[in-house]
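1. got a predicted structure here, sequence first:
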2 protein chains.
Amino acid sequence: MKVSKIAVMGFGVVGSGTVELFYKNKDIIEKRSGRKMDIKYILDLREFPGSPFADKMTDSFDEILNDPEVTVVAELMGGKTFAYDYTKRLLQSGKSVVTSNKELVAYHGAELIKIAKENKCNYFFEASVGGGIPIIRPLHQCLAANRIERIAGILNGTTNYILTKMIYDQISFDQALADAQRLGYAERDPSADIDGADACRKLCILGSLAFGKQIYPEYVHCSGIRNIALEDVEYVANAGYAVKLIGLIDKTENGLVATVCPRLVSVNNPLSGVNDVFNAIMIRGDSVGDTLFYGRGAGKEATASAVVADIIDAVKHENADIASLTWEDSTDRSFMVPYKSANVRVYVRVSSHEADSLKGLITTLFGYVDFIPRKQRTENELAFITPSIEEYQIDRKLALLSEHAEVRRKIRLL
Amino acid sequence: MKVSKIAVMGFGVVGSGTVELFYKNKDIIEKRSGRKMDIKYILDLREFPGSPFADKMTDSFDEILNDPEVTVVAELMGGKTFAYDYTKRLLQSGKSVVTSNKELVAYHGAELIKIAKENKCNYFFEASVGGGIPIIRPLHQCLAANRIERIAGILNGTTNYILTKMIYDQISFDQALADAQRLGYAERDPSADIDGADACRKLCILGSLAFGKQIYPEYVHCSGIRNIALEDVEYVANAGYAVKLIGLIDKTENGLVATVCPRLVSVNNPLSGVNDVFNAIMIRGDSVGDTLFYGRGAGKEATASAVVADIIDAVKHENADIASLTWEDSTDRSFMVPYKSANVRVYVRVSSHEADSLKGLITTLFGYVDFIPRKQRTENELAFITPSIEEYQIDRKLALLSEHAEVRRKIRLL
């Protein structure tokens, strides 16, 4: 029986996890795939003396590219420079590539998938979104009969950990961030996580797949959780909401609305109970209704689980591309709608001398609003939730309100 | 371009939903599959005059079997008699079959999959478990690199609706059942749902796929929710649990333990928040950890979503079987372990004159136990949760306890 030969590029956290998982579960992997497989090369510029995989190490990309035995390559290097160049050349030579590289897929997915198709091989990226959570394949295979109407996800474990800590330990954002850094859940420079860029890339991949056009990160309104205060978390908990960083794409009559921002999620929504470093993605299809996928969104072993699943599928589909995993490039962004033109409910916190006297004005501006109580509320503070109105209008009304009070916070509802 | 011709057998709820969905979303279905498709036959013994699909209706199975143009057939008739015979003959003739028929897969899955492989076609059954929730494909594809350690699911919407109503509306089982029947969520004869047989079949399918051997319904301890009293639901809510009908397979050192029974689920477990007719399935893999899949477990449109997804995949894999969707037959059940030999924690409610005086005896029997308070508890009643002990031993201890008190209820914990 022919043995399919695999190469792994990048021997960092995900790369070493992938190699270790492959050999740990090789028996069931081969049984389930009905194929014999082996890892022939591990590409890394560093040396790993004493590694049990030392005989597979190489620092030469060309060795992998030019070896006709290698049919599937796992690109686990990250970044857009070498990874982009290498991936293109591998696909052009007819080798399938699987990856966890969300940045590359979010910016060059359409192009790389097209190259794969032209060369009768595949570009797979289950590990690029939600770590080990099965989401890419369910979305393009299991929900293939559906018109997707909404994607809403908790796509970043670091921010979800911070928000969970704030709620349960009643600590500030800064304290929770320090905690996350101490535990290794947040980088020393945490901006890619807490400002939303990481969640944004993942949302772009899901959206491109669901709606058939490349959604670039620049098409998405993106704001992170730096400004969420413990006061806000307490207020909204009293009203039956949790604050979560939500990546959201809604299909509206006029086009797609895409945002990554903190949102109030009702306790009746299963996303509200997704805590700590867990991720979850809700997909709404016109036929299936709401489905939710939940699990560890990061980590060595969980991500390796998705990478190896892609390797298996790529080996099984040598010389045949998977038609359903595809989208078109879209430099014309007319299918997107400015997010402020969409209707939304928002939570607002204002401060003012004798805040209670503002209730009349607020009601006049917004119509019926929910005023939210809070234990130990100071007298010069008010919080409320508006009805669903176009966000441009909400901002105009808040501008009027700000003549009488300081608008301290505005958070959208999911 | 060749048009793949499909037949649908059974024009009931799921059958008509499948045909309607196929034509409603035919454009995206064909785009995503990269294939042209059409439904050529709809098999039903009844007549449907005036149906927009009247020209496709036939009452002759042989017409479908003998038409070489038909490559994929959706068996949506249910039952084990005709469906079994028809499915075998279709697969033997090289036509792929997709189905929502859980009974047939739970009893004859291994055999039918084997026949499919021998004839280079496929037998798919995404719709047989969890309605529209993607679970079969994620389990055998996306988690293929994992050794599965646990499957725990809320697999029956009717019982979950009843249990949810009991909790939120503080009504008895009988009242909640009557409610479910009035709304069409429960049959007039509700026994297949409330006694656990329906959940059991679905659990068998998931377990067979995850562990590679046919797990027959007779291998599974199965008890339903008839005996759950409102008192129990109230007691356990005070201790931070919800009662759910859980299908559970645990991989232990000695073999598999499989049960369908009511269990206390901690509020920290995402399964506890799955309410109404929704289903959810938790899969624990050695690499990925815990993943959860959630959605509508039944209903015309959700189930049709899964059937059409299978049709698409079957059309894409004409003349090639999917190696990973498989398990072996297993008349030898030595890989299963009696459920009472497994360790478990249980909730117990006892009644007795002056129940509080029993606390010493209970502690002596079980070691440390959690006594659970309840509002308006009568003095002659006690409820507690045991530590984790082999269930045979628990039963022996409860037999001793029953010499001093009446043991009213025993419910296992998840």
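-> Okay, I see it.
2. in the stretch 301-414 of chain A, which segments are predicted with low confidence?
-> Flagging of the stretch 301-414 of chain A using pLDDT under 70 yields the residue ranges A:323, A:376-377.
3. same thing but at 90, please
-> Filtered on pLDDT under 90, the stretch 301-414 of chain A yields the residue ranges A:316-326, A:330-333, A:351-360, A:368, A:372-382, A:405.
4. for it, just list every one of the strands.
-> With DSSP state E, counting those that start in this stretch as the criterion, the stretch 301-414 of chain A has strands at A:343-344, A:346-351, A:370-371, A:381-385, A:389-390, A:406-413.
5. helices and strands of chain A: which one bottoms out on pLDDT?
-> The helix or strand of chain A with the poorest confidence is helix A:230-238; it has a mean of 87 (mean pLDDT, DSSP states H and E).
6. that helix: which residues count as buried?
-> A:230, A:231, A:232, A:233, A:234, A:235, A:236, A:237 (16 or more other CB atoms under 10 Å in any protein chain shown). Every residue, glycine included, has its C-beta placed from N, CA and C.
7. which secondary structure elements does it contact?
-> Packing partners of helix A:230-238 (3 or more CB pairs under 8 Å, 6 or more residues apart in numbering or on different chains; DSSP states H and E): helix A:157-169, strand A:241-252, strand A:346-351, strand A:406-413.
8. and the contacts of the first one?
-> This means helix A:157-169. For helix A:157-169, the surrounding residues in contact (CB atoms under 8 Å, 6 or more residues apart in numbering or on different chains) are A:131, A:154, A:171-173, A:175-177, A:179-180, A:185-186, A:190, A:193-194, A:196, A:198-199, A:224-225, A:228, A:230, A:233, A:237, A:242-245, A:262, A:274-279, A:296-298.
9. among the residues you listed, which are in helices?
-> A:173, A:175-177, A:179-180, A:193-194, A:198-199, A:230, A:233, A:237 (DSSP state H).
10. now do the domain split for chain A, please.
-> A:3-136+A:300-316, A:144-297+A:333-338, A:342-413 (automatic domain parsing).
11. and those, which one's lowest on average pLDDT?
-> When those are ranked by mean pLDDT, domain A:342-413 comes last with a mean of 90.
12. start to end distance for it?
-> Domain A:342-413 has an end-to-end distance of 12 Å (CA to CA, to the nearest Å).
13. so how far is it off the chain centroid?
-> With CA atoms, centre = their mean, to the nearest Å as the basis, domain A:342-413 stands 30 Å off its chain's centre.
14. before we move on, the earlier item: out of the ones in helices among the contacts of helix A:157-169, flag the one nearest to residue A:388.
-> residue A:237 (21.6 Å; CB to CB).
15. the residue nearest to the closest one when sequence neighbours are not counted: how many residues sit nearby?
-> In space, and not counting its chain neighbours, residue A:237 is closest to residue A:167: 6.7 Å by CB to CB, 6 or more residues apart in numbering or on different chains. Residue A:167 is flanked by 18 other residues according to other CB atoms under 10 Å in any protein chain shown.
16. and what of residue A:239?
-> If you count neighbours by other CB under 10 Å, residue A:239 ends up with 18.
17. any idea how far it lies from chain B?
-> Counting by CB to the nearest CB, to the nearest Å, the separation of residue A:239 from chain B is 18 Å.
18. please enumerate the helices of chain A.
-> For chain A, the helices defined by DSSP H cover A:13-24, A:26-33, A:61-65, A:82-92, A:102-118, A:136-137, A:157-169, A:173-182, A:191-194, A:197-211, A:230-238, A:300-316, A:359-366, A:391-401.
19. now the fifth one: how far from the chain's centre is it?
-> What that stands for is helix A:102-118. 17 Å.
20. repeat for stretch A:247-263
-> Relative to where its chain is centred, stretch A:247-263 has its mean C-alpha point 14 Å off (CA atoms, centre = their mean).
21. now that stretch - C-alpha only, CSV.
-> Taking Å, rounded to 0.1, in the frame of the first residue of the first chain, the C-alpha atoms of stretch A:247-263 are listed here in CSV:
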residue,chain,number,x,y,z
GLY,A,247,-17.6,38.8,15.9
LEU,A,248,-20.9,39.3,14.0
ILE,A,249,-22.0,39.2,10.4
ASP,A,250,-25.6,39.8,9.7
LYS,A,251,-27.1,39.4,6.2
THR,A,252,-29.5,42.3,5.7
GLU,A,253,-31.7,43.3,2.8
ASN,A,254,-29.0,45.8,1.7
GLY,A,255,-25.9,43.7,2.2
LEU,A,256,-23.7,42.3,4.9
VAL,A,257,-23.0,44.1,8.2
ALA,A,258,-19.7,43.0,9.9
THR,A,259,-18.5,44.0,13.3
VAL,A,260,-16.1,42.8,16.0
CYS,A,261,-17.0,44.6,19.3
PRO,A,262,-18.1,44.1,22.8
ARG,A,263,-21.8,43.3,23.0
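22. anything in that stretch near chain B?
-> No: contact of stretch A:247-263 with chain B (CB under 8 Å from any CB of the partner chain) is absent, the minimum separation being 12.6 Å.
23. got the buried residues for that stretch?
-> A:247-251, A:255-263.
24. in a markdown table, list the residues you listed along with distance to residue B:91.
-> Shown next, in a markdown table, are the buried residues of stretch A:247-263 (distance: CB to CB, whole Å):
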| residue | distance to residue B:91 |
| --- | --- |
| A:247 | 43 |
| A:248 | 44 |
| A:249 | 40 |
| A:250 | 43 |
| A:251 | 39 |
| A:255 | 45 |
| A:256 | 42 |
| A:257 | 46 |
| A:258 | 44 |
| A:259 | 48 |
| A:260 | 47 |
| A:261 | 51 |
| A:262 | 52 |
| A:263 | 48 |
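25. mind listing what the nearest residue to residue A:150 once chain neighbours are set aside touches?
-> With CB to CB, 6+ apart as the criterion, residue A:150 has its nearest non-adjacent residue at 4.0 Å, and that residue is residue A:284. Going by CB under 8 Å, 6+ apart, residue A:284 touches A:148, A:149, A:150, A:151, A:152, A:290, A:291.
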